[in-house]
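1. Okay, here's the prediction I keep looking at, along with the sequence it came from:
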Number of protein chains: 2
Amino acid sequence: MREVAILGVGQTPVREHWGRSIRDLAVAAGRLAMEDAGVSRLDGLYVGNMTSGRLNQQRHLGVLVADFLGQWGVEAVKMEAACGSAGSAMRQGLIGVASGEMDAVLVIGVEKMTESPFSETTAALTGAADADYEVVHGVTFVGLNALIMRRYLHEYGYQQADFAPFALNAHANGAKNPLALFRQPIREKDYRQGRVVADPITLYDASPIGDGAAALLLVPAEKAPQAVRVIGSASATDTLSVHDRHDLLWLAAAEQSAQRAYRQAGLGPNDMDLFEAHDAFSIMAALSLEACGFADRGQGVRLAQEGAILPDGRIPISTMGGLKARGHPVGATGIYQLAEATLQLRDAAGEAQIDGAQVALAQNIGGSGATIVTHILQRP
Amino acid sequence: MREVAILGVGQTPVREHWGRSIRDLAVAAGRLAMEDAGVSRLDGLYVGNMTSGRLNQQRHLGVLVADFLGQWGVEAVKMEAACGSAGSAMRQGLIGVASGEMDAVLVIGVEKMTESPFSETTAALTGAADADYEVVHGVTFVGLNALIMRRYLHEYGYQQADFAPFALNAHANGAKNPLALFRQPIREKDYRQGRVVADPITLYDASPIGDGAAALLLVPAEKAPQAVRVIGSASATDTLSVHDRHDLLWLAAAEQSAQRAYRQAGLGPNDMDLFEAHDAFSIMAALSLEACGFADRGQGVRLAQEGAILPDGRIPISTMGGLKARGHPVGATGIYQLAEATLQLRDAAGEAQIDGAQVALAQNIGGSGATIVTHILQRP
C-alpha cells in the first residue's frame, strides 16, 4: 500500500443554495480541488452523499459529476453511509490510490437539503437509523441523540448547561471561516436561552443542515512530497440501533477506528494538534473526545469546560466552526472536515489558523455512532 | 495488486418477497456466501443498492447488514450507481482485497422493490437518468431505452420482432434456474403478442423488477487456489444524459471497461465461453454484444438471430435467465450476474450448465449505458 497525499482542496460555502443544483455544487468544489492540485485528468471519482435520491430526485451521482467535470470514461461511484458518507468516500478513494490502481482520485462530498419541505428532510435523515426497530417507534434522529445525552447527564451528574463550551467554541471558530453557515459568535446567555429541540438537546446543541460540497484531490505521496499526507485511515461500525449497544455512552466504533488509525500513524492522542470532531450534537463531541482518547469516560464535557478544546487549548476541536457553525450538509461533512484539517496543516486556515499544527485528526460519524471513519493527516 | 478469488456464493430467489425485509434478504444471501466459503469473520462489507432510501425508508445499509450478520466493528459501506450498484460494490470490494488492505470481503447486492406503489418505484428508478435534463421532460427510464431502440431499428433496418431471440433465450434459460422469477419458456408467438410498454419496447423486451439479494465472498487468490479467479475488473462512465452521447448506438463505457478487462486478463472476446449481459432491455443486450466485441456495429441482433447467444452457441448469454427472466432487482443484479458466472465455472449451474466453460464475462450497466462495470472470471 502506497502512502497517499492530499494535493488539492475545494469547497463551496455552506449556505441555503437555492440557486444552485446539487450538480453545480459538486462540480464547483471538484473543479476547485483539481485546479488547486493542477490536475486535469482523473483516474477515479468517489462521491459521498446521503439524500439526493429523495430530496433531489437524482441518484447516480458518480457519473453525474464525472460527466459535468468533463471526465468522460472515468471510473466513478457514489458511497452512502448516512452522515458518514463523505468520510466513507474518502476511505475508498484512498484505498484506490494506496492500492496502486489509481494515481489521481477526486473525492467529493455533496448534499443539497434546504429546498425540500422539513417533513421530507426529516424523513430522509431518519434513514440513518433503523427503520424497523427505531424509527417505527416514532423516534427522530435528534430524538435518539437526546436519549443518549439524557443518559450522559444522569450517569455522570452533569447539567445540560455544562455542554455550553462546545457551542461557544464552534460558533467563535465559525466566525473566522468565510465558508461557514453561521458566522456570529454566541454568548453563554444565548446558549442558555436556546429553545428545546428534543429534551435535553436545545437549539445550540444541534448542528444545522445546509447545502454544500467539498472536494479533495488524492495522489500518491511520492508524487507530491510537498502535500499534506494521510498517515492514518480506518473505518469501523457498531450496532445500527442505539438500544443494541452494550454501552450507550461509549462510541465503540470511534475507539476502534481511531486506535487503528493511531497504530498506522505510530502516534497517539497526545500527538494530535487539532481534532475535527463530528459535533452534529454536543453530546457526540463529548463522546468522541472520550472514545478517541482525549478524555476519560465521562470527562469529555469536563475537558471542554477546562478550555482544552479552544484554539489555544490542548486539543482544539471544530477549528473552523465544526458541524455546529460551519453547517452540516450531511453527506458532505466528512470531506469538509478533511478539507479544513488540510488547510490547517498548510497554514492556510486564515483567522482560524492553529499555530504550528503538525498533525490533525478528523472523524466522521454516520448514524448515532454506527459508522465511524477516522483519518489522521500530517504536515509534509 | 493481488489476484482475487470468489470463494463463496449466496443468492436468494428473485421473487415478490412480501414477507421478507431488505435486511432479511441481504443477510440471508450474505450468510449463504460466508457458509459456502467457510469464512466466519469479515474484514470488509460492501453493499450495492439503489432505492432503499425511498422505497424501504432505510439508508445506511452497510452497517445495517454488518450488524445483523454479527460482524460488529467491521468496515462497511454502501455503493450506488443506479442499476450498476452491485457491480460497483464488487469493483470496490475487489480493490479492497487486491490492495492487501483486507483478506475477507463480503459483497452483497440487494433490492426490495415490489411492496411500493408503482408510481414510487418508477420515480425512484428515474433517478438513474438526469433529473434536470432528461426526467424533467417527462421521459421514463424505459422511454429512454425505447428511443435508443427506435434509432437502432431505423439505422440498421431491423423490425421490432427481430429482437425476439433475446427474450426466447432468456426465458428458456430462466426455466432452468430455480432462483429465477420467471421459469416458463416463451414462444415466438408470445413475444409477438407482447403489449407495448414504450414503443418499440414491448413486454418481452423489458426485464421485470423484483426483490432479492446475491452475495460473493472474496479472498486473495493465493489463499484459495481452488476458487474461481477474477482475472479482469474495470469500470467506466459515459455521459449521464443519452442525448449528450456522440453516438446513440454505441456503449462507449462498455467498450472501454471491457477492453481494460480484456487487457488485464490477456484475453479477448473470442476467449469468452459465456457472457452474463445486462439485458434490462433487449436493445441493451444487442448493444452490449457489439461494444464488447462479439458482433460488429448493428450486428448484435443478427448474432442473436443466428443462434450464437444460445447455450450451445458461440457466446451464450443470460445463461441462467438474465435480467429478463431471472428478474432485475436493480441494485442487486450485478452480483447475481457474477454469482451465476461463478456457478457456471464451478460446474454448479445445474440444468443451465454451459459444458466446459472456462472463462466468463459479466457486465453490469447503470443508467442507459452511463456507468458500466465489467468483470472476467476464470475457472481455477
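-> Great, that's in hand.

2. the helices in the stretch 1-150 of chain A, which residues?
-> Counting by DSSP state H, counting those that start in this stretch, the segments of the stretch 1-150 of chain A that form helices are A:22-37, A:52-55, A:61-68, A:85-98, A:118-126, A:141-156.

3. and those helices as a markdown table, adding mean pLDDT?
-> Converted to a markdown table, these look like this (pLDDT from 0 to 100):
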| stretch | mean pLDDT |
| --- | --- |
| helix A:22-37 | 98 |
| helix A:52-55 | 95 |
| helix A:61-68 | 98 |
| helix A:85-98 | 98 |
| helix A:118-126 | 92 |
| helix A:141-156 | 97 |
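
4. all strands of the stretch 151-300 of chain A, in order?
-> For the stretch 151-300 of chain A, applying DSSP state E, counting those that start in this stretch gives strands covering A:196-198, A:201-202, A:212-220, A:228-237, A:274-276.

5. contact partners of the lowest-mean-pLDDT helix or strand in chain A?
-> Scoring the helices and strands of chain A by mean pLDDT, DSSP states H and E places helix A:118-126 at the bottom, with a mean of 92. Residues outside helix A:118-126 that contact it (Cβ atoms under 8 Å, 6 or more residues apart in numbering or on different chains) are A:50-51, A:54-55, A:113, A:116, A:135, A:140-141, A:209, A:330, B:53, B:57, B:59. Where C-beta positions appear, they are placed from N, C-alpha and C, glycine not excepted.

6. That helix vs helix A:141-156, what angle?
-> 60 degrees (axes from the mean of the first three to the mean of the last three Cα atoms, to 10 degrees).

7. mind checking how far helix A:118-126 is from the chain centre?
-> When distances are taken as Cα atoms, centre = their mean, to the nearest Å, helix A:118-126 is centred 20 Å away from the chain's centroid.

8. next one: stretch A:22-29
-> With Cα atoms, centre = their mean, you get 18 Å for stretch A:22-29.

9. That stretch close to chain B?
-> Yes: Stretch A:22-29 is in contact with chain B by Cβ under 8 Å from any Cβ of the partner chain, via residue A:23.

10. Next: stretch A:85-93.
-> Yes: using Cβ under 8 Å from any Cβ, stretch A:85-93 reaches chain B at A:88, A:91-92.

11. for the residue positioned nearest the centre of chain A, what are its contacts?
-> The C-alpha lying nearest the average C-alpha coordinate of chain A belongs to residue A:334 (Cα atoms, centre = their mean; 3.3 Å). For residue A:334, the contact set (Cβ under 8 Å, 6+ apart) comprises A:48, A:83-90, A:109, A:362, A:364, A:373.

12. hmm, 10 Å instead?
-> With contact taken as Cβ atoms under 10 Å, 6 or more residues apart in numbering or on different chains, residue A:334 is in contact with A:48, A:79, A:81, A:83-91, A:107, A:109, A:214, A:276, A:278, A:362-366, A:373, A:375.

13. And residue A:58, by the same measure?
-> A:21-23, A:49, A:52, A:64, A:112, B:126-132, B:135, B:240.

14. In PyMOL, how would I select just the buried ones from those?
-> A single PyMOL command is used to select the members of the contacts of residue A:58 judged buried by 16 or more other Cβ atoms under 10 Å in any protein chain shown:
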select buried, (chain A and resi 21+22+23+49+52+64+112) or (chain B and resi 126+127+128+129+130+131+132+135+240)
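
15. hang on, isn't residue A:314 packed against residue A:294?
-> Yes: assessed by Cβ atoms under 10 Å, residue A:314 is found in contact with residue A:294 at 8.0 Å.

16. Between those two, which is the more surrounded one?
-> residue A:294 (23 against 15; other Cβ atoms under 10 Å in any protein chain shown).

17. Per-residue pLDDT of that one, please?
-> At residue A:294, the model reports a pLDDT of 98.

18. do the same with residue A:1
-> On the pLDDT scale, residue A:1 gets 88.

19. circling back to that earlier point, A helix includes the residue nearest to the centre of chain A, no?
-> Yes: secondary structure of residue A:334 (DSSP: H, G, I helix; E, B strand; the rest coil): part of a helix.

20. List, one by one, the residues from the stretch 151-300 of chain A near chain B.
-> A:233-241, A:244-246, A:252-253, A:255-257, A:260 (Cβ under 10 Å from any Cβ of the partner chain).

21. So which of those residues are in helices?
-> A:252-253, A:255-257, A:260 (DSSP state H).

22. mind putting the helices of the stretch 1-150 of chain A in TSV, distance to residue B:1 included?
-> Formatted as TSV, the helices of the stretch 1-150 of chain A follow (distance: least, Cβ to Cβ, whole Å):
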stretch	distance to residue B:1
helix A:22-37	24
helix A:52-55	32
helix A:61-68	22
helix A:85-98	11
helix A:118-126	37
helix A:141-156	39
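
23. doesn't residue A:321 make contact with residue A:181?
-> Yes: the criterion here is Cβ under 10 Å, and residue A:181 meets it with residue A:321 at 7.9 Å.

24. list residues touching both of those two?
-> Joint contacts of residue A:181 and residue A:321 (Cβ under 10 Å, 6+ apart) are A:14, A:174, A:207, A:327.

25. roughly how far apart are the third one and residue A:14?
-> Residue A:207 is 10 Å from residue A:14, where distance means Cβ to Cβ, to the nearest Å.

26. Now the common contact residues for these two.
-> With Cβ under 10 Å, 6+ apart as the test, residue A:207 and residue A:14 both reach A:181-182, A:321, A:323, A:325-328, A:333.
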